[in-house]
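Colleague: With the sequence up front, the predicted model follows.
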Amino acid sequence: MTIKVADLNGTHLHYADRGRQDGPVLVFSNSLGTDHRIWDDVVASLSGDYRLITYDKRGHGLSGVGDQPYSIDLHARDLLALLDHLQIDQVVICGLSVGGLIAQHIAAIAPGRVRGLILCDTAPKIGDTAGWNARIDAIEKGGMAAIGDAVIARWLSDDYRQTKIAMTALYHTMLVRCPVAGYGGTCGAIRDADLTATTAKLDMPVLCVAGSVDLSTPPDLVRKMAEIIPNAGFALITGVGHLPPVEAPDQLSRLIDSFIRENGLD
Ligand SMILES: O=C(O)CC1=CCC(=O)O1
């Protein structure tokens, strides 16, 4: 994999372009505080059949922070600009958590670009204003370390954290290295987003996926989203927290592959 960068919308986005270059394109959009490496095992499983784009949204990973006020719309326009940069017209998007908000918004504002959606551990509205403001306040006063342990307990199941101690430490490092401005800006974008009205009108194949022990977007919240989207499917991955691509990459890959084939998107 070679390191790649696109200059767009006043910042730069780090991305990777892997898999079968003439295959259907699948793009992955990340959760808050993670970078594109969380998809590596999923990409490895699917790379024989699909072209797979992963990227670091602004304020995360190796991408720039930029100086515009963050919103889900800005994150969505960044991803659309990245697809333009790559001259890719239509994609299936797999969005995790805030990446799922970005995916829902792209499907609403540019439906012609989206062949299908996998909405993983996400919802049209995530959390509440007081919770997001408290998190922003905590990192502005104490830096990313102030929230590290609490967030990791939401990301990963008890079983994963107790048995995969070194991997858990690695994800903790990924989180606390996120720039405060990028993380806090994205917390504000999530706080200000309620996509319920537009998500209820989506008109494309959609699969909603939940981790059974996800504390951030619990299964019932994800199931409710599936119930408002016409003809959406729902799948539960047992024993997994907020990051199925980390804890259950093979199960998630199988769900993605079956969804794409069953809907004729391959
Ligand atoms: O950090 C969390 O609580 C999990 C999360 C919420 C939105 C997102 O993208 O991740």
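Modeller: Perfect, thanks for sending it.

Colleague: ok, now which ones touch the residue nearest to residue 109 when sequence neighbours are not counted?
Modeller: Computed as Cβ to Cβ, 6 or more residues apart in numbering, the closest residue to residue 109 that is not its neighbour in sequence is residue 76, at 6.7 Å. From N, CA and C alone the C-beta is placed, and that goes for glycine too. By Cβ atoms under 8 Å, 6 or more residues apart in numbering, the residues touching residue 76 are 102, 105-106, 109.

Colleague: does residue 76 sit in a helix or strand, and which one?
Modeller: helix 72-85 (DSSP states H and E).

Colleague: Quick one: mean pLDDT for that helix?
Modeller: Helix 72-85 shows a mean pLDDT of 98.

Colleague: Heading C-terminal from that helix, find the next helix or strand.
Modeller: strand 91-96.

Colleague: so what strands line up beside that next one?
Modeller: strand 25-29 (parallel), strand 114-120 (parallel) (DSSP bridges).

Colleague: Residues in contact with the first one: which ones?
Modeller: Strand 25-29 has contacts (Cβ under 8 Å, 6+ apart) with 36, 39, 42-43, 46, 50-55, 57, 79, 83, 88, 90-96, 99-100, 102-103, 245, 256, 260.

Colleague: Give me the buried entries from these.
Modeller: 36, 39, 42-43, 46, 50-55, 57, 79, 83, 91-96, 99-100, 102-103, 245, 256, 260 (16 or more other Cβ atoms under 10 Å).

Colleague: Helices along the stretch 1-150 of the chain, start to end?
Modeller: 40-46, 72-85, 98-109, 129-142, 148-155 (DSSP state H, counting those that start in this stretch).

Colleague: Quick check: which of these is buried the most?
Modeller: helix 98-109 (a mean of 25; mean count of other Cβ atoms under 10 Å).

Colleague: okay, the angle between it and strand 114-120?
Modeller: Helix 98-109 runs at 150 degrees relative to strand 114-120, counting by axes from the mean of the first three to the mean of the last three Cα atoms, to 10 degrees.

Colleague: send the alpha carbons of helix 98-109 over as PDB?
Modeller: This file holds the C-alpha atoms of helix 98-109, laid out as PDB (Å, rounded to 0.1, in the frame of the first residue of the first chain):
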ATOM      1  CA  VAL A  98     -20.000   9.400  12.500                       C
ATOM      2  CA  GLY A  99     -18.900   7.800   9.200                       C
ATOM      3  CA  GLY A 100     -22.500   6.500   9.000                       C
ATOM      4  CA  LEU A 101     -23.800  10.000   9.500                       C
ATOM      5  CA  ILE A 102     -21.500  11.100   6.600                       C
ATOM      6  CA  ALA A 103     -22.800   8.200   4.500                       C
ATOM      7  CA  GLN A 104     -26.500   9.000   5.200                       C
ATOM      8  CA  HIS A 105     -25.900  12.600   4.300                       C
ATOM      9  CA  ILE A 106     -24.100  11.900   1.100                       C
ATOM     10  CA  ALA A 107     -27.000   9.500   0.100                       C
ATOM     11  CA  ALA A 108     -29.400  12.300   0.800                       C
ATOM     12  CA  ILE A 109     -27.600  15.100  -1.000                       C
END
